[in-house]
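# test case, fold it:
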Amino acid sequence: MYDYIKGELTTITPKSVTIESYGIGYLILMANPFELQSSLHQTVKLFVHHHVREDDELLFGFLDQPTRTLFEQLISVSGIGPKSALSILASEHQKGFIKAVETADQTFLTRFPGVGKKTAAQIILDLKGKLGSYDSEEKTTKKQSAEDEHVTDVALALSGLGYSQREIDKIKKNLIPESNESTEQLLKRAFKLLLDK
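Sure thing, here's the model as predicted:
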């Protein structure tokens, strides 16, 4: 199972992006690929859902973990496939969708592509009471993701300098980034921790 893919954003299309990582180009379907337009040919990190079918394997990408969680909740509903879930995520009425689920507003839900009355009723039945924390989690998760990315960058740098995975794992728990601390400053702290071991 993939958690995220980090690499150079090489291509953007209306439905997907391609990220090259270690010589492999990953085709990743997204709700709004052009949100990444300003990052073309730069390093990006996307959280992914690996969707496996009998005749195909697809990767779906998300800018943060809460959006991926919402996608996975949506495709767990009978009648909602990955493409319908992406259409809902692509909509500017995403918060309205969550509110409609919580207030059992079937009429509002049928505005979304691929959602009829029967599917709307099923969405409410399956997801009501499970989406309320989505907004409140988003800021926290983004902060945690940024912190995790700093630590991952430092770990990769240490590995490139010849440190073993065992040595890196020993200091990782003490590498919680402080407010506004850069990767370079975190790396300096990592060296100090390694010397103290």
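# for residue 90, grab phi and psi.
phi -70, psi -20 (degrees, to the nearest 10).
# keeping just the C-alphas, turn the strand ranked longest in the chain into PDB.
What stands out as the longest strand in the chain, according to DSSP state E, is strand 43-53. Provided in PDB are the C-alpha atoms of strand 43-53 (Å, rounded to 0.1, in the frame of the first residue of the first chain):
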ATOM      1  CA  THR A  43       9.300  18.500  -6.200                       C
ATOM      2  CA  VAL A  44       5.800  17.800  -4.900                       C
ATOM      3  CA  LYS A  45       4.300  15.300  -2.400                       C
ATOM      4  CA  LEU A  46       0.900  13.700  -3.000                       C
ATOM      5  CA  PHE A  47      -1.000  11.400  -0.700                       C
ATOM      6  CA  VAL A  48      -2.300   8.500  -2.800                       C
ATOM      7  CA  HIS A  49      -5.000   5.800  -2.800                       C
ATOM      8  CA  HIS A  50      -4.100   2.700  -4.700                       C
ATOM      9  CA  HIS A  51      -7.300   1.400  -6.400                       C
ATOM     10  CA  VAL A  52      -7.100  -2.200  -7.600                       C
ATOM     11  CA  ARG A  53      -9.600  -3.800 -10.000                       C
END
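# so is residue 80 in a helix, a strand, or just coil?
Here residue 80 is coil, with the state taken from DSSP: H, G, I helix; E, B strand; the rest coil.
# quick check: phi and psi on it?
Main-chain dihedrals, residue 80, degrees, to the nearest 10: phi -110, psi 110.
# swap in residue 29?
Per-residue torsions, residue 29: phi -80, psi 140 (degrees, to the nearest 10).
# for it, what are its contacts?
15, 16, 58, 59, 60, 61, 82, 86 (Cβ atoms under 8 Å, 6 or more residues apart in numbering). For the C-beta atoms, the positions are set from N, CA and C on the backbone; glycine is no exception.
# contacting residues around the longest strand of the chain?
1-9, 17, 19, 28, 30, 36, 57-65, 67-68, 71-72, 75, 82, 145, 149.
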